[in-house]
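Colleague: I would like to see how this sequence folds:
(3 chains)
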Amino acid sequence: MNNVILRTITAVVVPIIALFSIQLFFAGHYYPGGGFIGGLMAAGAIVLLLIVFDIRTVRKMIPINYQWLIGTGLLFAVGTSAGSLLFNVPFLTHAYRYVHLPLLGKTSLHTAVLFDTGVYLVVVGITLVIIETIGESD
Amino acid sequence: MELVMIIVIGFLFAAATYLMLSKSLLRIIIGTGLLSHGAHLLLLTMGGLKEGAPPLLGEHAERYVDPLPQALILTAIVISFGVTAFFLVLAYRSYQELGTDNMEQMRGKEEDD
Amino acid sequence: MSTLHWAMVAPFMLALFVPFLYKHVRSIHTGWFILPLPVALFFYFIRYMDIVQQYETVTETVPWIPSLNIHFTAYVDGLSLLFSLLITGIGSLVVLYSIYYLEKEKEKLHHFYVYLLLFMGAMLGVVLSDHLITLYLFWELTSISSFLLIAYWYKRERSRYGAKKSMLITMFGGLLMLGGFLALSVMGDTYSIRELLAHSSTFVNEPLFSVALLLILLGAFTKSAQFPFYIWLPDAMEAPTPVSAYLHSATMVKAGIYLVARLTPIFALSPLWIWLVGGTGIVTLFWASFLASRQTDLKGILAYSTVSQLGLIMSLLGIGALAFHYNFAENIFIVATLAAVFHLFNHATFKGSLFMVVGIVDHETGTRDIRRLGGLMTVMPMTFTIALIGSLSMAGLPPFNGFLSKEMFFTAMLRVLEADIFSLETWGILFPVLAWCGSVFTFLYSFLLISKTFLGEYRPERLEKEAHEAPVGMLLAPMLLALLVIVIGFVPNILSDTVLAPAVYAVLNGLFKPGEGVDVHIAHWHGWTPEVFMTLGVIAVGTVVYKTFPKWNGVYRRLPERLSLNHLYNRLLEWMEKGSFALNERYMTGSVRTYLIYIFTAIIALLSVSIVLKGQWNIEISRFAPVGIYEIVLAVVIVAGALTTLVSKSRLTSIIALGSVGYTVALFFVLFRAPDLALTQLVIETISVALFLLCFYHLPKLRDHGKGYSFKLTNAIISIAVGVVVSTIAFLSHAYKPFESISQYYVENTYEKAAGKNMVNVILVDFRGFDTLFEICVLAIAALGIYGMIKLRMTKEEKLEK
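Modeller: Now for the predicted structure:
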């Protein structure tokens, strides 16, 4: 699509969407958001890029193999879940701890975030694998 | 409100069933899409509507709406996306290979093997 | 785990290593690695004899599924010890024999020994388990390993037929038996056999009693090849001879005997049990020995002979159950149980040696057909001697062990005449009569076996290869068994206190106290008793029948083939295959729509039935949330969107209408205070629409395939019914709360246990993390599926081009 207005807006909007997706992801434990929504939002941003530019350009912009992303995500999720076995607690037991970070103050560090990262990566991965494969198929 | 939702859900299910029983591939896919929308609303309605604040502890409310159906629905939404995508590709691939979208002509018979 | 458990598991563990041994140590026959295990186990079980002799038992328990109260309990008493010794003892000899029987260059030894060890472990499990369900598991495992062993030469048509037959029949019985076990456990409120035996006398009046009895007997009869289920055993002879000697003669087919013996105290009070076990046994004895005489295949003779001997033991167990109806002091029926146990042991020895001998003949001459064999006595003198000992023992002639147990068998059968219950005083006469007739035929086929193979004229031109004596290693195992036949024939009392008395005590559980003991002294001579005359009669008539055999064996050809059980079995199988195929063709039309109609109709039917039966209609409408103007508008939009998809004739309109429904659902989520859902639904809907549009060019145009009024009417009726039923369910769900909602748990613990504030997200990643984990797996699979459907096509096309 050779639409100058769309291209210009996309260039501005995509980083914002991406940032919003990350914000949604990290806020997930306290406010609406989480791995699913964040992942879908990020995927949505890339789908927008795909619509405006073509696949080859987007590949150059974001040189990620999305199938690998699915695998990495699953590994994250399974790894975090299995990690609890090392501490002799049942599979998928999460742990958390409050720490004081400079600037941010009291924050909780939570293994659920790692699990959610897996979800995030898988969701981004599958959405883009699906869209890309269909897009390439003609 | 529940009564209105119940009627809407019933209508969604009926429309979805009608579409799924048709012989055209695309209608069947749209039918499954409608069915999942209906199912999501059904779950939510069964859990009770507007019985409290959104399920965020930051709201500091007396009562919250039931969080469990919401978690179920969230899972279901994402899954139904995956399933719809799969159906779509299955549909257009079989259309390409078989040259028809009429389900009556797509009977798996032994002589095809 | 106790050593007893390790002993049961050891064969399975060794089986794991067999393929590696076979692959990497080709120069040594794999059997040599297997042999030490059964030998070691045999000596391990010998050690239990000291305990069992004192009428004590050993119980070892390992928790298996503790939450369901299922334990892996091993239990050793006289009966299970006798069986364990047979399994490991005969097992050792069979492995030794197989080393010479199966050539290491030609045969798939790794398969053979894996199956054999599987069987050994399973069989030990059957006789040592105390838990009914564990017993059942091992029981079926023996059927499976038997199936695999019969089909060992699976390239032969007959092997596959025999394997399938044995599996169908024994598994059919096994499944029924499981039902019987369940009925038994319902009556006794326990799965433990020991506990069931402890209050066995209370069951007889339970309504499930006869059901349990019949089902369990069906299991035992199919396994032990009783009339009319015996037909699988002759066909099982397609297995390699070591297997026939081991599974289909000495051990596996005796599992049914074991079960009947084990459960005798529970069912003995019922006349049905006595008549079924005793009657079936005696009929089997007679019929199979009659049929054995017409066989021309050596293994066929032995197969029918095994069936008939199993019938003999079974009938003894049936009569032995009469002991529970009389006081101990005057109890004349204990001898039946003693005879059963004694013959069980003797049969394993002489029949095992005979099978091995037949295997040797087959191995050295290339045939088992008695019409081609003959005159091997001079060529194979050792083999002949062993065969002679085995056959004479089988015929019940002195001085071999078969004579002693046959004599005891006659005693037991004659004592039936003294029973005055269950119409035995009138019909009981059938037992000694059939027993005697069966023995005549036993005598006949024993002599046919010897004379046709070893006597007469030696005709080498009819044999596949030049006959010569077998190697010593091959003769070793049958020789040991023949030795046992003789030794026990002369000094039977070495068994009586060590093995037989504890086993009888175990079978007749609770009938007498250990101290009282039972007279197990076995004597060769009791004076001129009726039994002696019966034996003399058998010999006299048997000789006549044998001499005149060529004159009257035309009788066998007169048996109508169409009425034979084999014919019946084949027809039944054929009929079932045709029937199920026709049924399948009828409703599996291949049309997705038809299947969907089945599914939707079933949903409607099931749900409306449960609504009518369980529905509660006391709903407080006042508790419902108030209706707002936004909601009304959204409801109208959603209905309009759905309607559009129904009537639209264009693809684009349909897709957009579906999108509009999706976005409206997202707005509903906002109104109903589900922010996470609203966000997700919005993004998903956007991506979905993009997806639909991407596929747009590939998709077919919307065409109305369903023409016709009735087609649309059917669809409309079904869909309206679905809608109404779902609405009703949604409505009723507000009244029917059978239990407290679990949601409050999440509300209360989100912060305390998971340190989060967004309950939905915490449920997803923490409380119900498993769901999420599997969900992303499903998504990954869907993505891979799509990838495969599109990308793999190209490689296929490339292949076609090549």
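Colleague: Show the low-confidence segments of chain B, by residue range.
Modeller: B:108-113 (pLDDT under 70).
Colleague: tally of neighbours for residue A:76?
Modeller: Applying other CB atoms under 10 Å in any protein chain shown, we find 20 other residues in the vicinity of residue A:76. Every C-beta, even on glycine, is put in place using the N, C-alpha and C of the backbone.
Colleague: Excluding covalently adjacent residues, which one is nearest to it?
Modeller: Taking CB to CB, 6 or more residues apart in numbering or on different chains as the measure, residue A:76 lies nearest to residue A:118, with 3.3 Å between them; neighbours along the chain are not counted.
Colleague: Isn't the one you found up against residue A:75?
Modeller: Yes. Because the distance of 7.3 Å satisfies CB atoms under 8 Å, residue A:118 is recorded as touching residue A:75.
Colleague: Can you give me the neighbour number for residue C:88?
Modeller: Around residue C:88 sit 25 other residues, with neighbours defined as other CB under 10 Å.
Colleague: oh, I was asking about residue B:93
Modeller: Residue neighbour count, defined by other CB under 10 Å, stands at 16 for residue B:93.
Colleague: Repeat that for the one 5 residues further on.
Modeller: Other residues lying near residue B:98 total 11 when counted by other CB under 10 Å.
Colleague: got a list of what it touches?
Modeller: If you count contacts by CB atoms under 8 Å, 6 or more residues apart in numbering or on different chains, residue B:98 has them with B:105-106.
Colleague: May I see the buried residues of the longest helix seen in chain A?
Modeller: Ranked by residue count under DSSP state H, the longest helix found in chain A is helix A:111-136. Applying a neighbour-count criterion of 16 or more other CB atoms under 10 Å in any protein chain shown, the buried positions in helix A:111-136 are A:111-135.
Colleague: State the distance from whichever residue of chain B sits closest to chain A to residue B:40.
Modeller: Among all residues of chain B, residue B:85 sits closest to chain A, at 4.8 Å; criterion: CB to the nearest CB. When CB to CB, to the nearest Å is applied, the distance between residue B:85 and residue B:40 equals 17 Å.
Colleague: Going along the chain, name the helices of chain B.
Modeller: Per DSSP H, chain B carries helices over the ranges B:2-20, B:25-46, B:67-98.
Colleague: Out of those helices, which gets nearest to residue C:612?
Modeller: helix B:2-20 (18.0 Å; CB to CB).
Colleague: Contact partners for residue C:284?
Modeller: With CB under 8 Å, 6+ apart as the criterion, the residues that contact residue C:284 are C:225-227, C:230, C:307-308, C:310-311, C:314-315.
Colleague: need those residues in JSON lines with neighbour count and pLDDT, can you?
Modeller: Compiled in JSON lines, those are given as follows (neighbours: other CB atoms under 10 Å in any protein chain shown; pLDDT from 0 to 100):
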{"residue": "C:225", "neighbour count": "30", "pLDDT": "91"}
{"residue": "C:226", "neighbour count": "30", "pLDDT": "91"}
{"residue": "C:227", "neighbour count": "22", "pLDDT": "85"}
{"residue": "C:230", "neighbour count": "26", "pLDDT": "90"}
{"residue": "C:307", "neighbour count": "29", "pLDDT": "94"}
{"residue": "C:308", "neighbour count": "28", "pLDDT": "93"}
{"residue": "C:310", "neighbour count": "28", "pLDDT": "94"}
{"residue": "C:311", "neighbour count": "28", "pLDDT": "94"}
{"residue": "C:314", "neighbour count": "32", "pLDDT": "94"}
{"residue": "C:315", "neighbour count": "32", "pLDDT": "93"}
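Colleague: May I see these organised as CSV, with secondary structure added?
Modeller: Below are those laid out as CSV (DSSP: H, G, I helix; E, B strand; the rest coil):
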residue, secondary structure
C:225, coil
C:226, coil
C:227, coil
C:230, helix
C:307, helix
C:308, helix
C:310, helix
C:311, helix
C:314, helix
C:315, helix
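Colleague: can I get the residues you listed in JSON lines with distance to chain A?
Modeller: As requested, those are exported to JSON lines (distance: CB to the nearest CB, whole Å):
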{"residue": "C:225", "distance to chain A": "48"}
{"residue": "C:226", "distance to chain A": "50"}
{"residue": "C:227", "distance to chain A": "54"}
{"residue": "C:230", "distance to chain A": "51"}
{"residue": "C:307", "distance to chain A": "53"}
{"residue": "C:308", "distance to chain A": "57"}
{"residue": "C:310", "distance to chain A": "50"}
{"residue": "C:311", "distance to chain A": "55"}
{"residue": "C:314", "distance to chain A": "51"}
{"residue": "C:315", "distance to chain A": "56"}
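Colleague: most remote residue from the chain's center?
Modeller: Unless you meant another one, I'm taking chain A. Checked against the mean C-alpha position of chain A, the extreme residue using CA atoms, centre = their mean is residue A:88, at a distance of 30.0 Å.
Colleague: Switch to chain C, please.
Modeller: For chain C, the largest distance from the centre (CA atoms, centre = their mean) belongs to residue C:629, which lies 66.7 Å off.
Colleague: can you tell me how far that residue sits from chain B?
Modeller: 12 Å (CB to the nearest CB, to the nearest Å).
Colleague: With residue A:52 as the reference, measure out to that residue.
Modeller: For residue C:629, the distance to residue A:52 equals 38 Å [CB to CB].
Colleague: what comes into contact with stretch C:391-404?
Modeller: With CB under 8 Å, 6+ apart as the test, stretch C:391-404 has contacts from C:305, C:309, C:342, C:346, C:349-351, C:354, C:389, C:406-407, C:439, C:442-443, C:446-447, C:449-450, C:484-486, C:488-490, C:492, C:522, C:524, C:535, C:538-539, C:542.
Colleague: contacting residues around residue A:126?
Modeller: Counting by CB under 8 Å, 6+ apart, residue A:126 touches A:66, A:70, B:82, C:779-780, C:782-783.
Colleague: In TSV, list the residues you listed along with secondary structure, distance to residue C:104 and neighbour count.
Modeller: TSV is the format used below for the contacts of residue A:126 (DSSP: H, G, I helix; E, B strand; the rest coil; distance: CB to CB, whole Å; neighbours: other CB atoms under 10 Å in any protein chain shown):
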residue	secondary structure	distance to residue C:104	neighbour count
A:66	helix	54	23
A:70	helix	49	26
B:82	helix	54	23
C:779	helix	52	28
C:780	helix	48	20
C:782	helix	51	22
C:783	helix	51	24
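Colleague: Looking at chain A, which residue is nearest chain B?
Modeller: Here the residue of chain A nearest chain B is residue A:130; by CB to the nearest CB that distance is 4.8 Å.
Colleague: Now that residue. Nearest residue, chain neighbours left out?
Modeller: Counting by CB to CB, 6+ apart, residue A:130 lies nearest to residue B:85, which is 4.8 Å off, once chain neighbours are set aside.
Colleague: try residue C:263
Modeller: If you skip the residues right next to it in sequence, residue C:263 has residue C:216 as its closest partner in space, 6.5 Å away by CB to CB, 6+ apart.
Colleague: and if you look at residue C:59?
Modeller: When the adjacent residues along the chain are set aside, residue C:59 lies closest to residue C:75, with 5.2 Å between them (CB to CB, 6+ apart).
Colleague: now residue C:382
Modeller: In space, and not counting its chain neighbours, residue C:382 is closest to residue C:475: 5.5 Å by CB to CB, 6+ apart.
Colleague: who touches the helix or strand where the one you found lies?
Modeller: In the assignment (DSSP states H and E), residue C:475 maps to helix C:472-490. Outside of helix C:472-490, the residues within contact range by CB under 8 Å, 6+ apart are C:93-94, C:96-97, C:99-101, C:345-346, C:349-350, C:352-353, C:356-357, C:360, C:363, C:382-383, C:385-386, C:389-390, C:393, C:398-404, C:494-495.
Colleague: Buried among those residues? Make that a ChimeraX selection.
Modeller: With 16+ other CB under 10 Å as the burial test, the buried ones among the contacts of helix C:472-490 are selected in ChimeraX as follows:
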select /C:93,94,96,97,99,100,101,345,346,349,350,352,353,356,357,360,363,382,383,385,386,389,390,393,398,400,401,402,403,404,495
